[in-house]
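Visitor: Fold the stuff below for me.
(one chain, ligands or ions: 1)
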Amino acid sequence: MIEVSDVRKHFGTVQALGGVSFTARDGQITALLGPNGAGKTTLLRLLVGLLKRDQGSIAIGGVDPALDPMAVRANIGFLTDQFGLYERLTTREFLSYFGELNGMGGAALRQRIEEVADLLSMEDILHRRTKGFSQGQRIKVALARSLLHRPRHLLLDEPSRGLDVMSTRALRHALNALRKEGCCVLMATHVMQEVTHLCDDVVVIAKGHTVAQGSPEELCRRTGIANLEDAFVSLVGEEGIAA
Ligand SMILES: Nc1ncnc2c1ncn2[C@@H]1O[C@H](COP(=O)(O)OP(=O)(O)OP(=O)(O)O)[C@@H](O)[C@H]1O
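Guide: Prediction:
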C-alpha cells in the first residue's frame, strides 16, 4: 500500500506539489491523472526517494522512502521516462545484469527473465542488442527490468506511450496479472481509455493539489457526467488545464 499525506515540494520558487494526499491499495491499479505540469512525475520521484519532500508524509509498504530509500527500492519497481538501456548489451544480458544487482542469479534469474519476457510478449527481442530499439521495445525492456525482482509496488510514468495496439494489450495483460498477484500499481497516464478499462481507482491532481479520488464510475457519478474525460475536465477546471 502507498500512503501519501499532504506532500509538498518546491523547486526554488516553483511549487511542484502544494498538498497531495491519497492512498493506493494492494491488488489495485491506481491512475494518477493530471494535466501537464500537475506534479505527477515529481510525486513519483518523491515516492522512490529520488527527491526529498519539503513537507508531508509518505509510506510505501509502511516504510518512509526519505528515511530508508534502500528498503523502499527493494520493494518497488519504477518505470520512468529515462529507460537507461545499455545499448551494447542484448536484452537478456541487460536483464541479467540488473537481476544480479538485485541479488538474483543462476537458474532462478534465467527463469525469471523468461517469465517476465513471456508476460510482456518480448521473447523476440531477448537475444537482440538494445541499440536501435523502437520506443515500444525500449519501454518493454525497461518495464521488464522493473519487474525482475517481483516488487510489491509498481510505479509507472506513462507506460503506454509509444506502444502499438498489440504492445498496449500485452502491457494491460501484464498489469492485470500483477494486480491479481496483489501488487500495488500506481500509474501516471494521460490515456483516458486506459484508465476506464484498467484502473480501479483514480487520483486526480492539478497544480500540485489532489482534486479528487475514486473509481472511474464514482468520479463520473460525482460530477454528473457520463464520460470520464469530460468528468476529468470538470474536476480539474479550466484553471488546471492551463497549468
Ligand atoms: N527539477 C525541476 N526544476 C524546476 N522545476 C521543476 C523541476 N521538476 C519539475 N518542475 C516543475 O514542477 C511542476 C510539476 O512538474 P512535473 O514534471 O511533476 O509534472 P507532470 O504532471 O509530470 O507533467 P507532464 O504531464 O507534463 O509530464 C512543473 O511546473 C515543472 O516545471
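Visitor: CA only for contacts and neighbour counts going forward, please
Guide: Will do.
Visitor: hey, where'd the helices end up in this protein?
Guide: With DSSP state H applied, the chain shows helices at 40-47, 69-74, 91-101, 106-119, 135-147, 165-180, 192-198, 216-223, 228-241, listed in chain order.
Visitor: for the third one, which positions count as buried?
Guide: Residues of helix 91-101 classed as buried by neighbour count (16 or more other C-alpha atoms under 10 Å): Thr91, Arg92, Glu93, Phe94, Leu95, Ser96, Phe98, Gly99.
Visitor: again with stretch 4-11
Guide: Using 16+ other C-alpha under 10 Å as the burial criterion, the residues of stretch 4-11 that qualify are Val4, Asp6, Val7, Arg8, Lys9.
Visitor: for these, which one is nearest Leu126?
Guide: Using C-alpha to C-alpha, Val4 comes nearest to Leu126 of the buried residues of stretch 4-11, at 37.1 Å.
Visitor: Next one, pLDDT for the residue nearest the centre of the chain please.
Guide: By C-alpha atoms, centre = their mean, the chain has its centre lying nearest to Leu156, at 1.5 Å. We have a pLDDT of 94 for Leu156.
Visitor: I'd say it and Ile76 touch.
Guide: No. Using C-alpha atoms under 8 Å, Leu156 is not in contact with Ile76; the gap is 10.6 Å.
Visitor: Mind listing the shared neighbours of the two?
Guide: Contact criterion C-alpha atoms under 8 Å, 6 or more residues apart in numbering; residues shared by Leu156 and Ile76: none found.
Visitor: near the ligand, which residues of this structure show up?
Guide: Proximity of the chain to the ligand, by C-alpha under 6 Å from any ligand atom, involves residues Phe11, Val14, Ala16, Gly34, Pro35, Asn36, Gly37, Ala38, Gly39, Lys40, Thr41, Thr42.
Visitor: Those in strands, which ones?
Guide: The members of the residues of the chain next to the ligand that map onto strands under DSSP state E are Phe11, Val14, Ala16.
Visitor: Run a quick neighbour tally on the last one.
Guide: Neighbours of Ala16 under the rule other C-alpha atoms under 10 Å: 21.
Visitor: and the gap between it and Ala206?
Guide: Look at Ala16 and Ala206: by C-alpha to C-alpha, to the nearest Å, they are 10 Å apart.
Visitor: Name whatever forms a beta bridge with the closest residue to Gly56 other than its chain neighbours.
Guide: Counting by C-alpha to C-alpha, 6 or more residues apart in numbering, the nearest residue to Gly56 once its immediate chain neighbours are dropped is Val7, at 4.2 Å. Taking DSSP bridges as the rule, Val7 bridges to Val20.
Visitor: Appreciated, that's everything.
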